[in-house]
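# Next one to model:
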Amino acid sequence: MVDNLGNNSSDKHVQINYNFGGATTSSGGSADHDYRYEPSSLLIKEQDRLLPIANVGRIMKKFLPPNAKISKEAKETMQECASEFISFVTGEASDKCHKEKRKTVNGDDVCSALATLGFDDYAEPLKRYLHKYRDFDGERANKNKGMMS
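Here you go, the predicted model:
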């Protein structure tokens, strides 16, 4: 196989396309290279692009009976899907921030991205969770501030 730089290579490359303000970049990785940068693509290691497989397996196990086994292939498939979903939603949230000339993606942007992408069933519960989290975090900050006085 010939890679993006014209080198002969038989290692697996992962290619992901991102769109940042109209300029599309690509990222992916291989086992033999830490990273490569080209004006039109950014290649990163596959393990840096995916959620940790141990965490994915632990989450999967929570929803199965105690004696259930999960194959390595099932964990890897879920790892790939969950990581891709996060990238997809984050990309949409990032585009929204870019259009609004902001550099920080926040929880509201993620909720908005979920709704924009048609994941309303996830967006509404996440909005409720985010508001509860902010309320709790604000109460905790006030409590800590009172202890310092």
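
# where does the chain have low pLDDT?
Within the chain, the ranges that satisfy pLDDT under 70 run 1-44, 46-47, 149.

# Let's verify the closest residue to Lys96 other than its chain neighbours: helix, strand, or coil?
By the measure of CB to CB, 6 or more residues apart in numbering, the closest residue to Lys96 outside its immediate chain neighbours is Asp109, 5.5 Å from it. (Each C-beta comes from the backbone N, C-alpha and C, glycine too.) Secondary structure assignment for Asp109 (DSSP: H, G, I helix; E, B strand; the rest coil): helix.

# May I have the residues that are in contact with Asp109?
By CB atoms under 8 Å, 6 or more residues apart in numbering, the contact set of Asp109 is Ala93, Ser94, Lys96, Cys97.

# cutoff 7 Å now
Ala93, Lys96, Cys97 (CB atoms under 7 Å, 6 or more residues apart in numbering).

# Kindly reformat those residues as TSV containing secondary structure, neighbour count and distance to Pro125.
Listed next are those as TSV, based on DSSP: H, G, I helix; E, B strand; the rest coil; neighbours: other CB atoms under 10 Å; distance: CB to CB, whole Å:
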residue	secondary structure	neighbour count	distance to Pro125
Ala93	helix	22	17
Lys96	helix	17	20
Cys97	helix	15	22
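
# which parts of the strand or helix carrying Gly138 are buried?
Assigned by DSSP states H and E, Gly138 falls within helix 120-148. Under the neighbour-count criterion of 16 or more other CB atoms under 10 Å, helix 120-148 has Tyr122, Ala123, Leu126, Lys127 buried.

# Columns distance to Leu50 on top of the contacts of Asp109, output as JSON lines?
Output for the contacts of Asp109, formatted as JSON lines (distance: CB to CB, whole Å):
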{"residue": "Ala93", "distance to Leu50": "19"}
{"residue": "Lys96", "distance to Leu50": "24"}
{"residue": "Cys97", "distance to Leu50": "24"}
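
# Which single one of the residues you listed is nearest to Arg49?
Arg49 has its nearest neighbour among those in Ala93, at 17.4 Å by CB to CB.

# where's that closest one relative to Tyr133, distance?
As judged by CB to CB, to the nearest Å, Ala93 and Tyr133 stand 17 Å apart.

# count of neighbours near Ala113?
Residues within reach of Ala113, counting by other CB atoms under 10 Å, total 22.

# Can you show me the CA trace of the helix or strand hosting it as PDB?
Assigned by DSSP H and E, Ala113 falls within helix 107-116. As requested, the backbone C-alpha atoms of helix 107-116 are provided in PDB (Å, rounded to 0.1, in the frame of the first residue of the first chain):
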ATOM      1  CA  GLY A 107     -22.100  21.900  27.200                       C
ATOM      2  CA  ASP A 108     -24.800  24.000  25.600                       C
ATOM      3  CA  ASP A 109     -23.000  23.700  22.300                       C
ATOM      4  CA  VAL A 110     -23.000  19.900  22.600                       C
ATOM      5  CA  CYS A 111     -26.700  19.900  23.400                       C
ATOM      6  CA  SER A 112     -27.400  22.100  20.400                       C
ATOM      7  CA  ALA A 113     -25.200  19.900  18.200                       C
ATOM      8  CA  LEU A 114     -27.200  16.800  19.300                       C
ATOM      9  CA  ALA A 115     -30.500  18.500  18.400                       C
ATOM     10  CA  THR A 116     -29.100  19.800  15.100                       C
END
